[in-house]
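In: How does the following fold in three dimensions:
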Amino acid sequence: DATATTASSADFPHWKRNVALFLSGQTISLFGSMVVQYAVMWWVTFETQSGLAIALYAVAAFLPQGIVSIFGGVLADRMNRKVLVMVADGTIPAVTLALAFFMLNGFSDLWVILLAVAVRSVGAGVQTPAVQAMIPQIAPPDQLMRVNGFFQTVQSAMALLAPAAAGAVYGLFGIVPVFFIDVVTAVVGIGFLLFVSVPTLATLAEKTSSYRDDLVEGARYIWRHRIVRWLLVVFAVVFLLTVAPSFITPLMVARTFGTEVWMVTVLEIAFSVGMILGGVLVSTVLAKRSRIGLILTATFGFAVCTVALGLSPNLWVFYAFMFLFGLGVPLFSAPFMTLVQETVDPDKHGRVFSYVGIVMALATPIGMTVFGPLADVISVQLLLVLGGVATVVVIVVAI
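Out: A predicted model of the protein is given here:
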């Protein structure tokens, strides 16, 4: 898009203020969501120690998001993205509050937990494409890689704090108090977003097409767009063969090393510290490197680390490779998002990111419906090795 590539920082007045407010609010809100996510996943793991139950959790957490993302992306291209984010940001903690009420009154059946997780996932299906589509609206094109890298870094910092907070609160007071953290952080996040100035897309006033037309147009656009099409394939492979198996790493810890909360807390902290370092690298020394080169390097790194996790002889070696896995995440996600933002027309950002969300949301539960039940039949270690080897084969073909 010619206008996107020729625009400069001068065309984005107060962009630093807007980006700072936007990223701060979203990061704080994300922190609360992640605290709940970790606590619920651990609760399911410890209460059931079942691969099938963890697979059901993954399906509940991601499948609704994938389905709703189809419509969420169209909404993000037709409506005020700021309003969409605020509505979704308010709905998700409302569901968490309802779950806290149910559990306080003795309703803690697995289906109740999974239902709440699924409804939260619906909100994420609306929020995620709108958030990703807003970034190129408020940040200059020549700053996108740095902004995405910085966003990844602060998200990683929250990912470091979230498992520590979840482990501390869950370990000391139980799971219900964890839910109230989500409510407070969502209110703060919405407050920050109120002060962000988001320009209205000129194409919104010209919209005469139907939702169905926009959806079909988005699919055709991706099919004709070679870069986005290739990126989505690689994205799907990574989530199917490496991210999905990573959901059963807490199960491996519980079965092999012990069921103490600190063990899974340290696991997530090691991953998050790696993500922070990776985010810093992408937003500084790697900001001008080849987007595709970084993506391929990170993907091979994921494959090697997944195999190494399965072969880890003790808990500390396991933590070390989880750290390296985390290091690769920003090296993959920041250039991926930047490439999409740079090459896709602004009025189609919402729909394209919705299909990214669909791939992410569907690949993980599809992978978990295979890896989860298999984890009750064969060892988690073998599953990790097979997932990593398969990733290498597929990416060699993709190159």
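
In: where does the stretch 51-200 of the chain dip in pLDDT?
Out: In the predicted model of the stretch 51-200 of the chain, residues 159, 200 satisfy pLDDT under 70.

In: Where do the helices of it begin and end?
Out: Per DSSP state H, counting those that start in this stretch, the stretch 51-200 of the chain carries helices over the ranges 51-78, 81-104, 110-138, 144-173, 176-193.

In: same thing with the stretch 251-399 of the chain?
Out: Assigned by DSSP H, counting those that start in this stretch, the stretch 251-399 of the chain shows helices spanning 261-283, 291-311, 315-343, 349-374, 380-398.

In: Pick out the shakiest of those helices, pLDDT-wise.
Out: Between the helices of the stretch 251-399 of the chain, the lowest average pLDDT goes to helix 349-374, which shows a mean of 74.

In: Enumerate the positions of that helix that are buried.
Out: Within helix 349-374, the residues that count as buried by 16 or more other Cβ atoms under 10 Å are 349-372, 374. Where C-beta positions appear, they are placed from N, C-alpha and C, glycine not excepted.

In: helices or strands up against that helix?
Out: When contacts are defined as 3 or more Cβ pairs under 8 Å, 6 or more residues apart in numbering; DSSP states H and E, helix 349-374 packs onto helix 51-78, helix 110-138, helix 211-224, helix 226-238, helix 244-246, helix 315-343, helix 380-398.

In: quick one on the thing from earlier: between the helices of the stretch 251-399 of the chain, which gets nearest to residue 132?
Out: For residue 132, the closest of the helices of the stretch 251-399 of the chain is helix 349-374, at 4.3 Å, according to Cβ to Cβ.

In: Give me the angle between the closest one and helix 110-138.
Out: Taking axes from the mean of the first three to the mean of the last three Cα atoms, to 10 degrees, one finds helix 349-374 and helix 110-138 inclined to each other by 150 degrees.

In: ok and helix 349-374 relative to helix 81-104, angle-wise?
Out: 30 degrees.

In: quick one: contacts for residue 353?
Out: 73, 76, 128, 129, 132, 133, 340 (Cβ atoms under 8 Å, 6 or more residues apart in numbering).

In: Now residue 112. Nearest residue, chain neighbours left out?
Out: residue 102 (5.8 Å; Cβ to Cβ, 6 or more residues apart in numbering).

In: residue contacts, that neighbour?
Out: If you count contacts by Cβ under 8 Å, 6+ apart, then residue 102 has 108, 112, 116 around it.

In: now the helices of the stretch 51-200 of the chain as TSV including distance to residue 329?
Out: Listed next are those as TSV, based on distance: least, Cβ to Cβ, whole Å:
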stretch	distance to residue 329
helix 51-78	17
helix 81-104	22
helix 110-138	16
helix 144-173	7
helix 176-193	22
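
In: Ok, which of the ones you listed comes nearest residue 306?
Out: With Cβ to Cβ as the measure, helix 51-78 is the member of those nearest residue 306 (16.3 Å).

In: my guess is residue 329 meets residue 152, correct?
Out: Yes. Under the criterion of Cβ atoms under 8 Å, residue 329 makes contact with residue 152 at 7.5 Å.

In: closest to residue 157 out of the helices and strands packed on helix 349-374?
Out: That would be helix 315-343 among the helices and strands packed on helix 349-374, by Cβ to Cβ, at 11.6 Å.

In: ok, residue 263 to residue 171 distance?
Out: 11 Å (Cβ to Cβ, to the nearest Å).

In: When the two are compared, which one has more neighbours?
Out: residue 263 (17 against 14; other Cβ atoms under 10 Å).

In: Excluding chain neighbours, what is closest to that one?
Out: That would be residue 253: by Cβ to Cβ, 6+ apart, it lies 5.2 Å from residue 263.

In: Can you dump the C-alpha atoms of stretch 147-154 in PDB for me?
Out: Extracted in PDB, the C-alpha atoms of stretch 147-154 (Å, rounded to 0.1, in the frame of the first residue of the first chain):
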ATOM      1  CA  VAL A 147       6.900  -1.000  18.500                       C
ATOM      2  CA  ASN A 148       6.100  -4.700  18.000                       C
ATOM      3  CA  GLY A 149       9.400  -5.700  19.600                       C
ATOM      4  CA  PHE A 150       8.800  -3.400  22.600                       C
ATOM      5  CA  PHE A 151       5.200  -4.700  22.900                       C
ATOM      6  CA  GLN A 152       6.600  -8.300  22.900                       C
ATOM      7  CA  THR A 153       9.100  -7.300  25.600                       C
ATOM      8  CA  VAL A 154       6.600  -5.700  28.000                       C
END
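
In: Contacts made by that stretch with the rest, please.
Out: Residues outside stretch 147-154 that contact it (Cβ under 8 Å, 6+ apart): 19, 23-24, 26-27, 135, 139, 275-276, 278-280, 282-284, 286-287, 329-330, 333-334, 337-338, 341.
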